[in-house]
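>>> Just the structure for this:
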Amino acid sequence: MQKLGKYARSVSIIGVGCTPFMYTVDNEETNGLTEGELFGYAALKAMEDAGVNPQNVDFYFHGEASPLNGSNYLTPNIQIGNWFGMKGKGSIHHSEACCTGYLAVEQAVNAVASGKYDCVLTGAVEFGDSTPFPADNVETPKHPYKREKMTMEKFLKTTSWLYDRTYTRTLMAGQELIYDDAAEWYVRTRGLTNEEMNKTLNWMCINNRKNASVNPLAIERTTYEELAEKAGMTLEEYMNSPYNPKMGDFLRAGGLELKCDGAAALVVCATEKIPEIAKNLKHKPIEVLGVGSAACEASTPHFEVAATQEATRQVYELTGMSGKDIDLFYANDFIITSHLIAAEIAGYLPEGEGWKYICEGRTAWDGDKPINSNGGRTSFGHAHAASGLADFYEACKQIWQECGDRNVKFKPKTAFLRGYGGAQNVASIIIKELEEGESYGD
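Numbering: from 1, shown residues only. Here you go, the predicted model:
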């Protein structure tokens, strides 16, 4: 594991942008959108939000979780530069599966903290719901605006790319077992009954959907209460019915990601340079206090737990903070149990008691311990690489109190974001709004 030290200089987020998360090929008004258009929209929104223009940005990072499957470009960072006014600027493409959006922040922060660049844009785009057409083989000519629906069968075939297929193939478990691992670990280590775990999983889904229902960028905004009423059932009956079937011993269908299309971006700047670079900045900078990162290959027992513990240890050691200092919590929960175990490991929820907070509705956007106020992967949607940056978009908007009627019920100053992706990478990142009267760079 890497040894962390303090950054050479302070780095702050000054602007964020995000597309709606969507099924592009399903809608006439979005069918035909390209990667350049989606990434460009998010990038331009982030620059507008920061009060800068492309001339102020020194370098950009481009993330995409699965360019082999979803893109028709070998170097997707280069082909899209025209869409946001940065043709000819230095850039790099990277891919870390569903952790891409979080490590996009780490790379951008490192580039600025080192002193090489003063202002950097980092973004990610994903067509998680469609592939270039025709998707028969890589040699067939394709057009970037022609796409076809990615079936679940096609998508699941790509999950084999996440494993070391030379040495650990025989150790691979079925998806239903992998998806159940975190729930089984929580039951065993916290002493819950299976019934209590089932209730907790259902309430994570209910809370995520409640959060998404008031978020105009979310892909699914029909609450489970509304679905239950339509089916002529109580909420509890619906959540335990064939409308929400079990996928294994614990996890139900509602606890899995809604794979979709989207893009998100943010602009980071050397804090001391903000007055001269972002002269039209309309809100307080949000400093990136630290990043912890770890990686465990999927054959590692309880790899998500182990990697989250290590990444969290690193970021708290680096920042001197703890769970009691965190106001908002976000976790990549394409397997919904993730946001429970990550929140407890981070100390945002008390160990062994977090499930109670969830079942009491305290982790919904209007509760006292909000988790995934945007709706999480099961309701906001999961545009794989872009999702991490969409979490940063939401966290910053909540800290700036720019979410209107869905602002959380207190003024947050800090957020902890736990990324996880591809049976490999985990990142723990803490951000904090600069205090009133605090000088840039202090």
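>>> residues of stretch 192-208 that come out buried?
192, 196-208 (16 or more other CB atoms under 10 Å). Backbone N, C-alpha and C define where each C-beta goes, glycine included.
>>> Helices of the stretch 1-150 of the chain, start to end?
Ranges of helices in the stretch 1-150 of the chain, per DSSP state H, counting those that start in this stretch, are 35-50, 67-70, 76-79, 100-113.
>>> Output those as TSV; include the columns mean pLDDT.
Supplementary listing: the helices of the stretch 1-150 of the chain in TSV, determined by pLDDT from 0 to 100:
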stretch	mean pLDDT
helix 35-50	97
helix 67-70	76
helix 76-79	90
helix 100-113	97
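>>> Just send those helices back as CSV, with distance to Ile13 and mean neighbour count too.
As requested, the helices of the stretch 1-150 of the chain are exported to CSV (distance: least, CB to CB, whole Å; neighbours: other CB atoms under 10 Å):
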stretch, distance to Ile13, mean neighbour count
helix 35-50, 9, 25
helix 67-70, 25, 20
helix 76-79, 21, 19
helix 100-113, 8, 25
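>>> pLDDT below threshold where in the stretch 301-442 of the chain?
Within the stretch 301-442 of the chain, the set of residues satisfying pLDDT under 70 comprises 423, 436-442.
>>> quick one, strands of it?
Using DSSP state E, counting those that start in this stretch, the strands of the stretch 301-442 of the chain run over 328-331, 414-421, 425-433.
>>> just so I know, which of these lies nearest Leu68?
Judged by CB to CB, the one of these that comes nearest to Leu68 is strand 414-421, at 15.3 Å.
>>> Work out the gap between that closest one and the centre of the chain.
8 Å (CA atoms, centre = their mean, to the nearest Å).
>>> go on, stretch 330-337?
On CA atoms, centre = their mean, the centre of stretch 330-337 falls 9 Å from that of its chain.
>>> How about stretch 155-163?
Relative to the centre of its chain, stretch 155-163 is centred 19 Å away, using CA atoms, centre = their mean.
>>> okay if I get the helices of the stretch 1-150 of the chain as JSON lines plus distance to Lys324?
Conversion of the helices of the stretch 1-150 of the chain to JSON lines gives the following (distance: least, CB to CB, whole Å):
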{"stretch": "helix 35-50", "distance to Lys324": "30"}
{"stretch": "helix 67-70", "distance to Lys324": "40"}
{"stretch": "helix 76-79", "distance to Lys324": "40"}
{"stretch": "helix 100-113", "distance to Lys324": "23"}
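>>> Of the ones you listed, which is nearest Ala415?
helix 100-113 (11.9 Å).
>>> orientation of the closest one relative to strand 414-421 in degrees?
Inter-element angle recorded for helix 100-113 and strand 414-421: 120 degrees (by axes from the mean of the first three to the mean of the last three CA atoms, to 10 degrees).
>>> could you dump helix 100-113 to CSV, C-alpha only?
In CSV, the C-alpha atoms belonging to helix 100-113 read as follows (Å, rounded to 0.1, in the frame of the first residue of the first chain):
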residue,chain,number,x,y,z
THR,A,100,-12.9,5.8,-12.4
GLY,A,101,-14.7,8.9,-11.4
TYR,A,102,-13.2,9.0,-7.9
LEU,A,103,-9.6,8.3,-9.1
ALA,A,104,-10.2,11.0,-11.7
VAL,A,105,-10.3,13.4,-8.7
GLU,A,106,-7.1,12.0,-7.2
GLN,A,107,-5.2,12.3,-10.5
ALA,A,108,-6.4,15.9,-11.0
VAL,A,109,-5.6,16.9,-7.5
ASN,A,110,-2.1,15.3,-7.7
ALA,A,111,-1.4,17.2,-11.0
VAL,A,112,-2.2,20.5,-9.4
ALA,A,113,-0.7,19.8,-5.9
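>>> quick one: the strands in the stretch 51-200 of the chain?
Ranges of strands in the stretch 51-200 of the chain, per DSSP E, counting those that start in this stretch, are 59-63, 90-94, 119-127, 130-132, 147-149.
>>> any idea of the angle the longest one forms with strand 90-94?
By that I understand strand 119-127. Taking the same axes, to 10 degrees, one finds strand 119-127 and strand 90-94 inclined to each other by 40 degrees.
>>> who does strand 119-127 pair up with?
Sheet pairing of strand 119-127 (DSSP bridges) gives strand 59-63 (parallel), strand 261-270 (antiparallel).
>>> tell me how far that strand is from the chain's mean position?
13 Å.
>>> again with the second one
The chain centroid and the centroid of strand 90-94 are separated by 20 Å under CA atoms, centre = their mean.
>>> Which strands and helices lie in contact with that strand?
With contacts taken as 3 or more CB pairs under 8 Å, 6 or more residues apart in numbering; DSSP states H and E, strand 90-94 sits against strand 59-63, helix 76-79, helix 100-113.
>>> Turn those into TSV, including distance to Ser241.
TSV is the format used below for the helices and strands packed on strand 90-94 (distance: least, CB to CB, whole Å):
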stretch	distance to Ser241
strand 59-63	38
helix 76-79	42
helix 100-113	34
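>>> And the ones you listed: which comes nearest Ile345?
helix 100-113 (15.6 Å).
>>> Report the inter-axis angle for that closest one versus strand 425-433.
60 degrees.
>>> ok, the nearest residue to Lys413 once chain neighbours are set aside - contacts?
Leaving aside its sequence neighbours, Lys413 sits nearest to Glu433 (CB to CB, 6 or more residues apart in numbering; 4.9 Å). Counting by CB atoms under 8 Å, 6 or more residues apart in numbering, Glu433 touches 284-287, 399-400, 413-414.
>>> What of His302?
By CB under 8 Å, 6+ apart, the neighbours of His302 are 181-182, 185.
>>> ok, of the residues you listed, which one's closest to Thr166?
Nearest to Thr166 among the contacts of His302, with distances taken as CB to CB, is Asp181, at 22.7 Å.
>>> gap between the residue lying closest to the closest one once chain neighbours are set aside and Leu227?
Spatial nearest neighbour of Asp181, chain neighbours left out: His302 (6.4 Å); criterion: CB to CB, 6+ apart. Look at His302 and Leu227: by CB to CB, to the nearest Å, they are 33 Å apart.
>>> Filter the buried residues of stretch 192-208 down to the ones in helices?
Counted as lying in helices by DSSP state H, out of these, are 196-208.
>>> Report the contact partners of Ser373.
211, 328, 330, 365, 394, 398, 403, 406, 408.
>>> which one of those residues has the most neighbours?
Tyr330 (29 neighbours; other CB atoms under 10 Å).
>>> quick one, what contacts it?
Contact analysis of Tyr330 by CB under 8 Å, 6+ apart lists 371-374, 391, 394-395, 415-418.
>>> would you turn these into JSON lines with distance to Ser91?
What follows is these, written out as JSON lines (distance: CB to CB, whole Å):
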{"residue": "Ile371", "distance to Ser91": "33"}
{"residue": "Asn372", "distance to Ser91": "30"}
{"residue": "Ser373", "distance to Ser91": "31"}
{"residue": "Asn374", "distance to Ser91": "27"}
{"residue": "Asp391", "distance to Ser91": "23"}
{"residue": "Glu394", "distance to Ser91": "25"}
{"residue": "Ala395", "distance to Ser91": "25"}
{"residue": "Ala415", "distance to Ser91": "27"}
{"residue": "Phe416", "distance to Ser91": "29"}
{"residue": "Leu417", "distance to Ser91": "24"}
{"residue": "Arg418", "distance to Ser91": "27"}
